[in-house]
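S.K.: predicted model, plus sequence, below.
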Amino acid sequence: MTIIETPPGDHRPAPLPIRRDAGALAREVGTPTEAVARRRSLRADMLEAAVWLTAVTGIAFMIGSGAFLDSGFWGWLGMIARALGIVAAVMMLMQLLLASRAPWIDRVIGHDKAVALHTKYGVTSFVVMLLHIAVVSTADSHTAGTNPVSQLFDYWSYDWFMAWAVVSVAAILVVLFTSFATSRARIAYHKWHAIHLLSYVAIIAAVPHQFLQGSTFRDGGAAWWFWFVLWAGAVSAFVYSRIISPIVVNRRHRLTVTDVAHETDGSVTITLGGDAVSHIGARSGQFLNIAFGRFAYLREMHPYSLSAAPGETLRITVKPLGDASSALADLEVGTSAWIEGPLGVFTHEARTGRDLMLIGAGIGVSPIRSLLEDAPEHGSVSVIVRGRSREEIPLLDEIEQLSMVRGARYAALLGRRGTTWGTALHPVTLVGAIKDPSDTDVYICGPVQWGLQVEADARAAGVPSHAIHREEFAW
């Protein structure tokens, strides 16, 4: 079927602009070239490579401190335990750095990638740390003439930093068990988030014994300074980006709710106003972590995508999918709002081509609507939204009106899911539907599995990987 249709109504879209030179377009609208996209991907790879280089350097310092001087099975077992501890420490460092949400991390790899890496390094650090504990307890129990379990509890009676290490183990186990998919499905987001904060307790509690107990570091020297600089940098980035910067931003802009509108699909559109809001620097397609109410940020914050192009106000549209989002239906004008961000690289700055295709489903149409509002005037724009019915797609009237004003091609795919990302009655594909796949950026936002299906279809249609931008609504 033909999936691109004109907006409903008596008016026809304005004629599409004449094709422009791709290089001139990139300079005019400020979008990166394909080479820039490759460099961005390279920087992300370099960031991951730096993690392993740091681990190798840490192990090299361990070897330089005389680790190979230990002989016999138990000596080598102790050396393996130390190496596992070093790898776990590096992973914890990276986990803390990614959790800082420092602006440069967002620019280099994007928030989604940062979250994925944070999860990856978190799981890896926990597993490696548990192996470190098991191996070191076994090695030390042999020296003490006891068993590994008893040795683990005996650490509590050692110096204070070893007692803290035992606390770290307990926190790690709690976080690990509650992070399994089956556990997370039963825990409300704010409760899971509160439990997840124990991972930072685990990191803080584990650090002292690295410097005071680890033979590689306790004597000072280059190894001590190497690790001190790493930990100081990661902690500073976290404290500045997660505590100091939000305090400064929120005290400066003093955001409050200026309007609350209820959409036909049950969603709530909330507008925030304040002092010099445009200086926050938000861009269409980005999201904010927001807490409503006085001191609410101490309890929980939730990510909400901008549903309109930012200016002197910020607007979000929230679907009631949980306790926190459902409560926003009763939000009153004048309620204070605390924000973190803006975050994300799901913006026009990520574009590499002339033409633009925006595809959204469910509440995922929110950032699609904001991207459509300030889409560059050059190149063609196509918009596809997906839902079971018109009434279940938020902001649909606004999207149709913006499509008409912009002269965008438009389609609404309505009905229950089928074998494709379209509907059961109308299977769809992008293959053959995109005029110039090599010069088109595709933005996708919606449920995870649906978004992956659209992404695979875009690749099959010939759209380059660097020109496919997918935002996930998941936690």
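M.R.: Received the coordinates, thanks. Numbering: from 1, shown residues only.
S.K.: show me the longest helix that occurs in this protein.
M.R.: As assigned by DSSP state H, the longest helix anywhere in the chain is helix 111-144.
S.K.: buried residues, the helix or strand following it. List them.
M.R.: The helix or strand immediately downstream of helix 111-144 is helix 148-154, counting by DSSP states H and E. Taking 16 or more other C-beta atoms under 10 Å as the basis for neighbour counts, the residues of helix 148-154 that come out buried are Pro148, Gln151, Leu152, Asp154. All C-beta spots, glycine's among them, are computed from the backbone N, C-alpha and C.
S.K.: which residue ranges of this structure form strands?
M.R.: 256-262, 268-273, 287-292, 302-305, 313-318, 337-343, 355-361, 381-387, 409-414, 440-446, 468-472 (DSSP state E).
S.K.: give me the neighbour count for His312.
M.R.: Small correction: residue 312 is Glu, not His. The local packing count at Glu312 equals 11, with neighbours defined by other C-beta atoms under 10 Å.
S.K.: wouldn't it be in contact with Leu272 here?
M.R.: No - taking C-beta atoms under 8 Å as the contact criterion, Glu312 and Leu272 are not neighbours in contact, 10.3 Å apart.
S.K.: which two in the buried residues of helix 148-154 are spaced the farthest apart?
M.R.: Taking every pair in the buried residues of helix 148-154 and measuring C-beta to C-beta, the maximum separation is 10.3 Å, between Pro148 and Asp154.
S.K.: show me where pLDDT drops low in this structure?
M.R.: In the predicted model, the chain carries pLDDT under 70 at residues 1-41, 66-71, 179-190, 193, 214-220, 297-299, 473-475.
S.K.: which residues touch the residue of it positioned farthest from its centre?
M.R.: Distance from the C-alpha centroid of the chain peaks at Gly145, with 47.6 Å (C-alpha atoms, centre = their mean). With contact taken as C-beta atoms under 8 Å, 6 or more residues apart in numbering, Gly145 is in contact with no other residue.
S.K.: in the longest helix of the chain, what counts as buried?
M.R.: Taking 16+ other C-beta under 10 Å as the basis for neighbour counts, the residues of helix 111-144 that come out buried are 111-115, 117-118, 121-122, 124-126, 128-133, 135-142.
S.K.: what's the answer for stretch 390-402, then?
M.R.: By 16+ other C-beta under 10 Å, the buried positions in stretch 390-402 come out as Glu392, Ile393, Pro394, Leu395, Leu396, Glu398, Ile399, Glu400, Leu402.
S.K.: between all of the residues you listed, which two are separated the most?
M.R.: Greatest spatial distance in the buried residues of stretch 390-402: Glu392 and Leu402, 19.3 Å, computed using C-beta to C-beta.
S.K.: please tell me how far the residue lying closest to Ser389 once chain neighbours are set aside sits from Thr429.
M.R.: If you skip the residues right next to it in sequence, Ser389 has Leu414 as its closest partner in space, 5.7 Å away by C-beta to C-beta, 6 or more residues apart in numbering. With the distance defined as C-beta to C-beta, to the nearest Å, Leu414 ends up 17 Å from Thr429.
S.K.: the two - which one has more neighbours?
M.R.: More neighbours surround Leu414 than the other of Leu414 and Thr429, with 18 against 15 (other C-beta under 10 Å).
S.K.: touching, the more buried one and Glu391? I think so.
M.R.: No - Leu414 is beyond contact range of Glu391, at 9.8 Å (criterion: C-beta under 8 Å).
S.K.: from Thr429, how far off is Ala88?
M.R.: 46 Å.
S.K.: helices of the stretch 151-300 of the chain, start to end?
M.R.: For the stretch 151-300 of the chain, the helices defined by DSSP state H, counting those that start in this stretch occupy 160-178, 181-184, 189-196, 198-212, 222-239, 245-253.
S.K.: format these as TSV; extra columns: distance to Gly293 and mean neighbour count.
M.R.: Compiled in TSV, these are given as follows (distance: least, C-beta to C-beta, whole Å; neighbours: other C-beta atoms under 10 Å):
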stretch	distance to Gly293	mean neighbour count
helix 160-178	26	18
helix 181-184	25	10
helix 189-196	13	16
helix 198-212	24	20
helix 222-239	25	16
helix 245-253	13	15
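S.K.: ok, which of those helices comes nearest Leu97?
M.R.: In this view, these are compared for proximity to Leu97 by C-beta to C-beta, and helix 222-239 is the closest at 4.7 Å.
S.K.: ok and the closest one relative to helix 245-253, angle-wise?
M.R.: Relative orientation of helix 222-239 and helix 245-253, computed by axes from the mean of the first three to the mean of the last three C-alpha atoms, to 10 degrees: 30 degrees.
S.K.: contacts for helix 222-239 next, please.
M.R.: Under the criterion C-beta under 8 Å, 6+ apart, residues 54, 57-58, 61-62, 64-65, 89, 93, 96-97, 99-100, 102, 207, 210-211, 216-218 lie in contact with helix 222-239.
S.K.: and stretch 248-267, by the same measure?
M.R.: Contacts made with stretch 248-267 from outside it, assessed by C-beta under 8 Å, 6+ apart, are listed as 268-277, 279-280, 292, 313-314, 317-320, 329, 331-339, 363, 391-395.
S.K.: of these, grab the buried ones for ChimeraX.
M.R.: Selection command for ChimeraX covering only the buried members of the contacts of stretch 248-267, criterion 16+ other C-beta under 10 Å:
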select :268,269,270,271,272,273,274,277,280,292,314,317,318,319,320,331,335,336,337,338,339,363,392,393,394,395
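S.K.: before we move on, the earlier item: could you dump the helices of the stretch 151-300 of the chain into JSON lines with distance to Met357 added?
M.R.: Converted to JSON lines, these look like this (distance: least, C-beta to C-beta, whole Å):
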{"stretch": "helix 160-178", "distance to Met357": "39"}
{"stretch": "helix 181-184", "distance to Met357": "32"}
{"stretch": "helix 189-196", "distance to Met357": "31"}
{"stretch": "helix 198-212", "distance to Met357": "39"}
{"stretch": "helix 222-239", "distance to Met357": "36"}
{"stretch": "helix 245-253", "distance to Met357": "33"}
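S.K.: relative to Gly462, which of the ones you listed is closest?
M.R.: Distance to Gly462, taken as C-beta to C-beta, is lowest for helix 181-184 among the helices of the stretch 151-300 of the chain, at 34.5 Å.
S.K.: ok, Thr352 touching Ser465?
M.R.: No - with contact defined as C-beta under 8 Å, Thr352 does not count as touching Ser465 (10.6 Å).
S.K.: who has more neighbours out of the two?
M.R.: Remark: of Thr352 and Ser465, Thr352 carries more neighbours, 22 against 10, as counted by other C-beta under 10 Å.
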